[in-house]
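Asker: Would you be able to build a 3D model of this:
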Amino acid sequence: MKIVFALLSYLLGSIPFGYLIYLKKKKRDIRKFGSKSMGATNLLRLTNTKTALLAALFDILKGFIPVFLSLRLFDDLNFSLICGFLAVLGHCFPVYIKFKGGKGVATTVGIYIALSPPSLLGVVVFFFITIVLTKYVSLGSLLGIMTLPLTPLLFGYEKQLVFFGLVLFLLIVFQHRDNIKRLIHGKERKLGEKEE
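Answerer: Below you'll find the predicted structure:
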């Protein structure tokens, strides 16, 4: 049963909602435009706020549902962490579209909404402060996610969440490698900059 549930967590995470929404709206592959990501930020750049928020909601649910359900069905934190990681892995490397997916931030947020909402405090604070000061969503995402290995300690959550947060942070940094290069060279687009 656990093996089936874990596989379903990956397959749910693999559903490329941003890709599908943009394909339906514009009849083209979002991974060929803007930042070439299928996440909400690129959708905002290429479409509008409503479309971007819809994709973000679906991506959050991809992380929330497997962890929420596994906690209640199996009452096993370690297994729920595995399911959450597989959901993020699915989002980043989706089997349905040749393993080229998104960055994993929204799906990670969904996991922590199910696991430990207070752990998202640092993510929210660093994300919005960075956006206000720099207008770089990618930088805000990276600095916010960087707090995930630390905040569980502050709120007394299980030690597994510290290691789990570190693993997710490293995966998300890897997925942002092109953004990091553009940030270093001053070529990263800021929030609100449009591209068609």
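Asker: Okay, buried residues for the lowest-mean-pLDDT helix or strand in the chain please.
Answerer: Ranked by mean pLDDT, DSSP states H and E, the weakest helix or strand in the chain is helix 151-154, scoring a mean of 83. If you call a residue buried by 16 or more other CB atoms under 10 Å, then helix 151-154 has these buried ones: 151, 152. The way it works is simple: take the backbone N, C-alpha and C, and place the C-beta from them, glycine included.
Asker: tell me what it is packed against?
Answerer: helix 121-134, helix 160-175 (3 or more CB pairs under 8 Å, 6 or more residues apart in numbering; DSSP states H and E).
Asker: I'd like the next helix or strand past the last one.
Answerer: For helix 160-175, the succeeding helix or strand toward the C-terminus, using DSSP states H and E, is helix 177-184.
Asker: model confidence over that following helix, on average?
Answerer: Confidence for helix 177-184, expressed as mean pLDDT, is 93.
Asker: residues in contact with residue 11?
Answerer: Shown in contact with residue 11 (CB atoms under 8 Å, 6 or more residues apart in numbering): 90, 95.
Asker: Any figure for the gap between it and residue 65?
Answerer: Counting by CB to CB, to the nearest Å, the gap from residue 11 to residue 65 is 12 Å.
Asker: do the same with residue 152
Answerer: Relative to residue 65, and taking CB to CB, residue 152 is found at 21 Å.
Asker: mind listing what's buried in stretch 29-42?
Answerer: Of the residues in stretch 29-42, 30, 31, 33, 34, 35, 37, 38, 39, 40, 41, 42 count as buried by neighbour count, 16+ other CB under 10 Å.
Asker: Give the closest residue to residue 93 in space, chain neighbours not counted.
Answerer: Of all residues not flanking residue 93 in the chain, residue 99 sits nearest, at 4.3 Å (CB to CB, 6 or more residues apart in numbering).
Asker: any low-confidence regions in the chain?
Answerer: Along the chain, the parts satisfying pLDDT under 70 run over 193-196.
Asker: Spatially nearest residue to the residue sitting nearest the centre point of the chain, not counting backbone neighbours?
Answerer: The residue lying closest to the centre of the chain (CA atoms, centre = their mean) is residue 105, at 2.1 Å. Nearest residue to residue 105, sequence neighbours excluded (CB to CB, 6+ apart): residue 141, at 4.7 Å.
Asker: give me the number of residues near that neighbour?
Answerer: Neighbours of residue 141 under the rule other CB atoms under 10 Å: 27.
Asker: With the one 5 residues further on instead?
Answerer: By the criterion of other CB under 10 Å, residue 146 has 17 neighbours.
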